[in-house]
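# The following comprises the amino acid sequence and a computationally predicted model.
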Amino acid sequence: MESKRCFQNRFIDYQTGSAPGRGQGEFGVPLVTDTIESILRQLPAPGTGAEGGLYSGPAGVAYMLFHVSECPLFAAQRQSYLSRARSLLEPCLRLADSEPDRQARAAFLLGGAGVYAVAALVYRALALPDFEEALSKFRELWRVCAQPTFLDCGSDELFVGRSGYLCAAMVLKHKLGMEILTPAQIKSICHAIIESGKQYSKKKRKPFPLMYSYYGTEYLGAAHGLSSILQMLLSYQEYLQPADRELAWQSVDFLVNQEQNCNWPPELGEMIERENELVHWCHGAPGIAYLFAKAYLLSKKPSYLDTCIRCGELTWQKGLLKKGPGICHGVAGSAYVFLLLYRLTGNSKYIYRAQKFAEFLFSEEFKAGSCKLETIYSLYEGLSGTVCFLVDLLQPDQAEFPLFTVFAQ
Ligand SMILES: [Zn+2]
């Protein structure tokens, strides 16, 4: 039966010893530069449409341009991409500065924190002194994130909550090569995440130590759920008290046990309906895989890697999504799992699989059968995230899901 969520994967899988798929000629520099040109043509008129944060606004396009400019294969375009990124960020920064609600300004993917973080990256790459100002605006927001409850909808998740803020701080530290937050600041934010999870779990009588909700829903996946919150706690585990670290690891193992046939339901306690199964970065195995990758890198326990590999197998079967080319719930988001597995295992099978998914993005079947996009330039739903993926396919040893590192410390 034809699935309504994904195309059937008709590619022949990798055979041991066979060369990876078609080479750089087809998915190389010209394809990336052409796709960027078409993204830039679709942007809102200068001075308008600064909303949407990194997730769907021009700030996310600026991040994509920064990412491409970092790759040596695009040295010839570096300066023009960075200048364009700078001009895209200007109205987004004005909007973030004028946001009267400081709590909302602390949002990573949907608000000011993410815009300040990307501005710091772009300005530093251009050697502009404004870099310090953007960075200090980012740093000031730590105080918001350390409050016990700063958002009524849920203060802990990735898009607007403190896990997102910690994620951005980690990306900045890694890319700028400098400390962003003091150990005391990090500890106070981690402490707030732990306390919030403990209290929620106790209040709702959950049979495991840490749980969270977002707009009343107990999500498990990367977008608003438990997995990316735990991923941040593991990433900063040296800042946790031993007992709290133990709670974080117990919660990881609890999440491992929620697996249903290589996948996880969007919400705690749901049963996966096969015909309506979500296999997305935002909800399901392709996003939860990053938590288990982090757990494996820290603990070296093979069972976490095995779980990640199962996520990859499901994604190979069901990851040719009809919802578009993006990284949130689209084909590039699926393909990033293969690049993650390549970095974890060194197995060329995963490069082959990522190349096949790239090939599919430019097929007639995909063009004819995938949903129309609302914003073509969006980093998460549109082509900007796809461009990040195509660039990472050219440098798989450094590939990372955008702004969601598991390899950096
Ligand atoms: Zn999504």
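Yes, it's here. Residues are numbered from 1 along each chain as shown.

# got any ranges where the stretch 251-400 of the chain has weak pLDDT?
Across the stretch 251-400 of the chain, nothing is flagged by pLDDT under 70.

# how about Leu321, phi and psi?
phi -80, psi 150 (degrees, to the nearest 10).

# And for it, the neighbour number?
Summarising burial for Leu321: neighbours were counted as other Cβ atoms under 10 Å, giving 28. C-beta: built from backbone N, CA, C; applies to glycine.

# cool, and the one 5 residues further on?
Summarising burial for Gly326: neighbours were counted as other Cβ under 10 Å, giving 28.

# residues contacting it?
Ala332, Gly333, Leu373, Ser378, Tyr380, Glu381, Gly382, Leu383, Gly385, Thr386 (Cβ atoms under 8 Å, 6 or more residues apart in numbering).

# What's the separation between the first one and His280?
Put plainly, it is Ala332. According to Cβ to Cβ, to the nearest Å, Ala332 and His280 sit 12 Å apart.

# Neighbour count: these two, which is higher?
Just comparing Ala332 and His280: by other Cβ under 10 Å the higher neighbour count belongs to Ala332, 31 against 27.

# OK, contacts around that one?
Per Cβ under 8 Å, 6+ apart, neighbours of Ala332: Pro325, Gly326, Phe357, Leu361, Gly385, Thr386, Cys388, Phe389, Leu390.

# which among the residues you listed gets closest to Ile193?
Nearest to Ile193 among those: Gly385, at 26.3 Å, using Cβ to Cβ.

# Tell me which helix or strand that closest one sits in.
Here Gly385, judged by DSSP states H and E, is contained in helix 383-394.

# name the helices or strands packed onto that helix?
helix 24-27, helix 29-41, helix 58-70, helix 331-345, helix 348-361 (3 or more Cβ pairs under 8 Å, 6 or more residues apart in numbering; DSSP states H and E).

# In JSON lines, list those helices along with distance to Arg205.
Converted to JSON lines, these look like this (distance: least, Cβ to Cβ, whole Å):
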{"stretch": "helix 24-27", "distance to Arg205": "51"}
{"stretch": "helix 29-41", "distance to Arg205": "48"}
{"stretch": "helix 58-70", "distance to Arg205": "39"}
{"stretch": "helix 331-345", "distance to Arg205": "34"}
{"stretch": "helix 348-361", "distance to Arg205": "41"}
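
# so which of those gets nearest the ion?
helix 331-345 (7.6 Å; Cβ to the ion).

# buried sites along the closest one?
Using 16 or more other Cβ atoms under 10 Å as the burial criterion, the residues of helix 331-345 that qualify are 331-344.

# what's the answer for stretch 345-364, then?
347-358, 360-361.

# Out of the residues you listed, flag the one nearest to Phe401.
Ala354 (12.2 Å).

# How about the contacts made by the closest residue to that closest one other than its chain neighbours?
Excluding its sequence neighbours, the residue lying closest to Ala354 (Cβ to Cβ, 6 or more residues apart in numbering) is Phe338, at 4.0 Å. Counting by Cβ under 8 Å, 6+ apart, Phe338 touches Gly312, Thr315, Trp316, Tyr350, Ile351, Arg353, Ala354, Phe357.

# Thanks a lot, see you next time.
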